[in-house]
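[1] Below: sequence and its predicted model.
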Amino acid sequence: MELICPAGTRASLEAAVEAGADAIYCGFCDETNARNFPGLNFTREDMRAGIAFAHRHGVKVLVAINTFARAGALALWESAIDDAVEAGADALILADVATLDYAARRHPQQRLHVSVQAGAANPDAIRFYVESFGAQRVVLPRVLSVPEIAAIMRETACETEVFVFGGLCVMEEGRCSLSSYVTGKSPNMQGVCSPASHVAYKERRGEIVSTLGGFTINRFGKDEPAGYPTLCKGRFSTPKGSGYIFEDPVSLDAATMLPALRAAGVTALKIEGRQRGRAYIAQVVRAFRRTIAALDAGMPAPVAGLTAMSEGQASTVGAYRKTWR
Amino acid sequence: MQLTLGPVLYHWSPERWRDFHYRIADEAPVETVVVGEAVCSKRAPFKQDYLPGVVERLEAAGKRVVHASLILVSLVRERRQTRELMASDEVMVEVNDLTCLASLANRPHAIGPFVNVYNEATARFLAARGATHICLPPELPLSAVGAIAAALPDTAIEVFAFGKVPLAISARCYHARAHKLSKDNCRFVCEQDTDGMPVRTLDDADFLSVNGVQTLSHSCASLLRDIPALRQAGVASLRLSPQDCDMVAVAQLFRDAVDGRLDTAEAERRLGMVYPDIPFANGFLHAAPGHVLVGPGA
């Protein structure tokens, strides 16, 4: 299984390469990629240099152009595709039918991956992307259990890539407007979710209150660490009680599922976190490299041991285990 | 400008669902009605027995009937339901997930608001494969709506104009979770909340609504005041999403506003009486946060 690692900067790309990534994924610093955070991502020049560096070390670079193109402004997405191809990208990770169609027609030799943002969650949807655009890999949304992934693999020749570590989307990716509803900035259109520009922390009656777009997402007691107000990981109230209605503030850590994912036929394992620093990336990549190496050698896979790197120091295997639902 | 009644997103009792559609058939001034279960595959069997009667009554009343596909298709059962829907040449399908496209084979169909049509190139691709009607995602701003409608003069473009806004779908059932149940053993508790389960902030502000695996807004979209701008933009139809209120009255208000028989302020005042205690919002259309209500015109 390939290990696919995130990079938000040249420095973290180099760190991931050195830590043992098989491939890096990254994007341009604009609204064409779904991690459009200030101070992150790659200029055209960075992209060329980063890809050249990775290739010198035998590592692939996958360029994510995975937001949905703005109506009347398709040229921005088309030029991102052209520039990524020219820079030597090993694959493009695309979500929008418009960008997939353009890339398939304009660059028929280019390898295309279907982004998790496309939400292709079954063999019929995958077949659509393969037949329409010649997609060679699909990144599966975080809604499937391992047996469901295995069933998909039995029906399709398309490669699959799954998330194994980092932030956990609890809603189907590419279908979520929660952040947009609250902040006016959309994951699908602007590539941001719960953006820092709309976050505020206030102290009130001995409590820290975190808000997003003016809505209270959580309240913390004095001695409680105040986590980042990611909308779907907030505490809310319902007629059935208060708490983490959607999901606790946890990260995905599927290290223990690696043997099952391999048996299911998954091609590639993906680490989330293009917004993370190089030290974090190096540590996570190294841990997963070790686990995969042990598996490849037929040894029991050591659990990655990354609790300290997880949000709230807690983790989940999410939808991979059916009971999560 | 036409009116479309969207599918009932909530889990209403089968009899209530049937009677609702009978009344729509008899009284509501809408041209098109979307039927079927889009949110949760476990709910679909409840409607099955009543569906033929509902379709017959709607068609006898001169309504165009469209059958909604599921939004999220991941289970074997869901693929089967979707395939069965696609297999019938008789029905007009509203595609809510691209899963359907591989088997529709250029048959005329509609695209629902859950397919990501954010630009004219995607719309053109889908139209070339047989989409005759496209309901755009609710978060699209007017500039995008106008650009898409202008680029596709032969495709009917629709916008989400009334109802709590569908914001997200998940594999996890939040209704079951709130009741400390699992999705597999949910006891259909979503039936208890006929207008969604309110989710409030810890400061007691209205925020969202949970509808099984779906998350909706608390506020209710109303594009009444935007009708002139939508017409100007080339929008062919307004979608009214059923809420737990008098939807015949809602449809009549939109019909009167579209036909110029009722001015905006009066239409909004009456809409507030038909669906009280829920704030109205049109932020998405104005490229603002979806929960806000932006002043008249666009």
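    Structure's in. What do you need?

[2] With adjacent residues omitted, what lies nearest to residue 171?
    By default, I'm working from chain A. B:Ala168 (3.9 Å; C-beta to C-beta, 6 or more residues apart in numbering or on different chains). To be clear about C-beta, it is placed using only N, CA and C from the backbone, and glycine gets the same treatment.

[3] please go with chain B instead
    B:Ala171 sits nearest to A:Val143 (C-beta to C-beta, 6+ apart), 3.6 Å away.

[4] For the one you found, give me phi and psi.
    phi -120, psi 0 (degrees, to the nearest 10).

[5] go on, B:Thr32?
    phi -130, psi 140.

[6] picking that back up, correct me if wrong: the residue nearest to B:Ala171 contacts A:Ala121.
    Yes: judged on C-beta atoms under 8 Å, A:Val143 makes contact with A:Ala121 at a distance of 5.7 Å.

[7] Mind listing the shared neighbours of the two?
    A:Glu172, B:Leu72, B:Ser74 (C-beta atoms under 8 Å, 6 or more residues apart in numbering or on different chains).

[8] Wait, the second one touches A:Arg175, no?
    Yes: the criterion here is C-beta under 8 Å, and B:Leu72 meets it with A:Arg175 at 7.5 Å.

[9] coming back round to it: A:Val143 and A:Ala121: which is more packed in?
    The residue with more neighbours, out of A:Val143 and A:Ala121, is A:Ala121; 28 against 25, by other C-beta atoms under 10 Å in any protein chain shown.

[10] Next, that one: secondary structure please.
    coil (DSSP: H, G, I helix; E, B strand; the rest coil).

[11] Can you read off the pLDDT for it?
    Predicted confidence (pLDDT) for A:Ala121: 93.

[12] contacting residues around the residue nearest to it when sequence neighbours are not counted?
    Counting by C-beta to C-beta, 6+ apart, B:Ser74 is the residue found nearest to A:Ala121 once chain neighbours are left out, at 4.4 Å. Going by C-beta under 8 Å, 6+ apart, B:Ser74 touches A:Ala121, A:Asn122, A:Val143, A:Leu144, A:Glu148, B:Ala171.

[13] How about the contacts made by the residue nearest to A:Met171?
    A:Met171, A:Glu172, A:Arg175, A:Cys176, A:Ser177, A:Leu178, A:Cys232, B:Gln214, B:Thr215.

[14] Try it again at 10 Å.
    By C-beta atoms under 10 Å, 6 or more residues apart in numbering or on different chains, the residues touching B:Ala168 are A:169-172, A:175-179, A:181, A:231-232, A:246, B:174, B:208, B:213-216.

[15] Inside helices: which ones of the residues you listed?
    A:Leu178, A:Ser179, A:Tyr181, B:Tyr174 (DSSP state H).

[16] The first one contacts A:Asn188, correct?
    No: A:Leu178 is beyond contact range of A:Asn188, at 11.4 Å (criterion: C-beta atoms under 10 Å).

[17] Please name the nearest non-neighbouring residue to A:Ala7.
    A:Leu13 (3.8 Å).

[18] ok, now how distant is that neighbour from chain B?
    29 Å (C-beta to the nearest C-beta, to the nearest Å).

[19] ok, that residue - how many residues close by?
    Counted with other C-beta under 10 Å, A:Leu13 comes out at 29.

[20] Which elements pack onto the helix or strand that it is a member of?
    In this assignment (DSSP states H and E), A:Leu13 forms part of helix A:10-19. When contacts are defined as 3 or more C-beta pairs under 10 Å, 6 or more residues apart in numbering or on different chains; DSSP states H and E, helix A:10-19 sits against strand A:2-6, strand A:23-26, helix A:44-56, helix A:278-296.

[21] Can you pull the phi/psi pair for the nearest residue to A:Asp96 once chain neighbours are set aside?
    Nearest-residue entry for A:Asp96: A:Phe68, 4.5 Å, with adjacent residues in sequence omitted and distances by C-beta to C-beta, 6+ apart. Dihedral angles of A:Phe68 (phi, psi; degrees, to the nearest 10) stand at phi -100, psi 120.

[22] Quick check: A:Phe68 touching A:Leu76?
    No: at 11.9 Å, A:Phe68 does not count as touching A:Leu76 under the criterion of C-beta under 10 Å.

[23] Which one's more surrounded, those two?
    A:Phe68 (30 against 15).

[24] quick revisit: compare the ones in helices among the contacts of B:Ala168 and tell me which has the most neighbours.
    The ones in helices among the contacts of B:Ala168, ranked by neighbours (other C-beta under 10 Å): first place A:Tyr181, 31 neighbours.

[25] where's that one relative to B:Pro289, distance?
    Separation of A:Tyr181 from B:Pro289 (C-beta to C-beta, to the nearest Å) stands at 6 Å.

[26] any common contacting residues for those two?
    Between them, A:Tyr181 and B:Pro289 share the contacting residues A:Gly213, A:Phe215, B:Ala281, B:Gly283, judged by C-beta under 10 Å, 6+ apart.

[27] what about the second one, neighbour count?
    Spelled out, that is A:Phe215. 24.

[28] residues of the one helix or strand B:Phe46 maps to that come out buried?
    Assigned by DSSP H and E, B:Phe46 belongs to helix B:44-48. Within helix B:44-48, the residues scored as buried using 16 or more other C-beta atoms under 10 Å in any protein chain shown are B:Ala44, B:Phe46, B:Lys47.

[29] Model confidence for B:Met197, exactly?
    So, for B:Met197, pLDDT stands at 98.

[30] Neighbours of the closest residue to it other than its chain neighbours, how many?
    Computed as C-beta to C-beta, 6+ apart, the closest residue to B:Met197 that is not its neighbour in sequence is B:Val210, at 4.4 Å. B:Val210: 24 surrounding residues under other C-beta under 10 Å.

[31] hang on, B:Val210 in a strand?
    Yes: the assignment for B:Val210 is a strand, going by three-state DSSP.

[32] what pairs with it across the strands?
    B:Met197, B:Thr215 (DSSP bridges).

[33] same check, this time on B:Leu240
    Here B:Leu240, judged by DSSP bridges, has bridge partners B:Leu5, B:Phe162.

[34] any chance you could map the helices in chain A?
    A:10-19, A:44-56, A:74-87, A:97-106, A:123-133, A:146-155, A:178-183, A:187-190, A:258-264, A:278-296.

[35] would TSV of those helices with distance to B:Glu59 be doable?
    Formatted as TSV, those follow (distance: least, C-beta to C-beta, whole Å):
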stretch	distance to B:Glu59
helix A:10-19	59
helix A:44-56	56
helix A:74-87	40
helix A:97-106	32
helix A:123-133	29
helix A:146-155	37
helix A:178-183	36
helix A:187-190	36
helix A:258-264	46
helix A:278-296	57
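
[36] which of the ones you listed sits most buried?
    By mean neighbour count, with neighbours taken as mean count of other C-beta atoms under 10 Å in any protein chain shown, helix A:178-183 ranks first of these at a mean of 26.

[37] any residue of that helix up close to chain B?
    Yes: with C-beta under 10 Å from any C-beta of the partner chain as the criterion, chain B is reached by helix A:178-183 at A:Leu178, A:Ser179, A:Ser180, A:Tyr181, A:Val182, A:Thr183.
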